[in-house]
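> return a 3D structure for these sequence lines:
(chains A and B)
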Amino acid sequence: DAGVIQSPRHEVTEMGQEVTLRCKPISGHNSLFWYRQTMMRGLELLIYFNNNVPIDDSGMPEDRFSAKMPNASFSTLKIQPSEPRDSAVYFCASSLQTGTGTDTQYFGPGTRLTVL
Amino acid sequence: AQSVTQPDIHITVSEGASLELRCNYSYGATPYLFWYVQSPGQGLQLLLKYFSGDTLVQGIKGFEAEFKRSQSSFNLRKPSVHWSDAAEYFCAVGGNDYKLSFGAGTTVTVRA
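All right, here's what the predicted structure looks like:
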């Protein structure tokens, strides 16, 4: 299996621009997670999808952030407009959700976002 | 809500020496515990996990971890460190839902 695929791996943009991060989960996994990693706050869960439906978006920082999962094999995280404080590494993870904490999350390589 | 503390921010170890990384968790019920490793510029890779049963679990790359309920700990060990083990290590705890709580991470430096 190819694992979780994320693109782009690196993104440099200017403040105010729209940024779209992409994720392809592991085939057959029905849960998808978006995380943000920063030095100050560590790994934070932004949003969780189950069977393509957003279940928990309480970690999304503000309305500038939005996420979609139009089908089981694709998800996007969009930031519009972007700000320098959004600079971070964004990870996508997927799991075969059985509804308990025993589910193992598999992480993609991440997208390093720099907003100038 | 669950939480994880990794007391050591940075550890330096000589190649060939043993390594132990500490992890303390807080959770009111039976925890599900994970160790992940993140090499520079890479995503998180699962090293091992504990759900139930034998409290000493073996993982990939020669790592093992021991669950001690009385101490709320899940420390990671490796008998002999290789230079390729230089990375950041994250402990995580899960409960009865989808949420994982991660520790702040411990950076391991391996000196020749």
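> ok, and the closest non-adjacent residue to residue 25?
Using chain A. residue A:94 (3.4 Å; Cβ to Cβ, 6 or more residues apart in numbering or on different chains). Every C-beta, even on glycine, is put in place using the N, C-alpha and C of the backbone.
> meant chain B, my bad for not saying
Per Cβ to Cβ, 6+ apart, closest to residue B:25 is residue B:93, 4.4 Å.
> now residue A:10
In space, residue A:10 is closest to residue A:112, 5.0 Å off (Cβ to Cβ, 6+ apart).
> need the three-state assignment for residue B:70.
helix (DSSP: H, G, I helix; E, B strand; the rest coil).
> now it: how far from residue A:82?
48 Å (Cβ to Cβ, to the nearest Å).
> repeat for residue A:38
With Cβ to Cβ as the criterion, residue A:38 and residue A:82 are 15 Å apart.
> so the two - more neighbours on which side?
residue A:82 (23 against 13; other Cβ atoms under 10 Å in any protein chain shown).
> host element of the more buried one?
Under the criterion DSSP states H and E, no helix or strand holds residue A:82.
> nearest residue to residue 24 other than its sequence neighbours?
Here I'm looking at chain A. residue A:5 (4.2 Å).
> chain B, not that one
Using Cβ to Cβ, 6+ apart and skipping residues adjacent in sequence, the residue nearest residue B:24 is residue B:5, 4.6 Å away.
> average pLDDT for the helix or strand containing the residue nearest to residue A:25?
Per DSSP H and E, residue A:94 falls inside strand A:88-95. Taken as a whole, strand A:88-95 has a mean pLDDT of 95.
> any chance you could map the helices in chain A?
With DSSP state H as the definition, chain A shows no helices.
> for the residue in chain B positioned nearest to chain A, list each beta-bridge partner.
Residue nearest to chain A within chain B (Cβ to the nearest Cβ): residue B:94, separated by 3.2 Å. For residue B:94, the beta-bridge partners under DSSP bridges are residue B:32, residue B:100.
> cool, and residue A:11?
Applying DSSP bridges, one finds that residue A:11 bridges with residue A:113.
> ok, it touching residue A:111?
Yes: in terms of Cβ atoms under 8 Å, residue A:11 counts as a neighbour of residue A:111; the distance is 6.0 Å.
> partners of the most centrally placed residue in chain A in the sheet?
Chain A has residue A:34 as the residue nearest its centroid, 2.8 Å off, counting by Cα atoms, centre = their mean. Assessed by DSSP bridges, residue A:34 has beta-bridge partners residue A:47, residue A:92.
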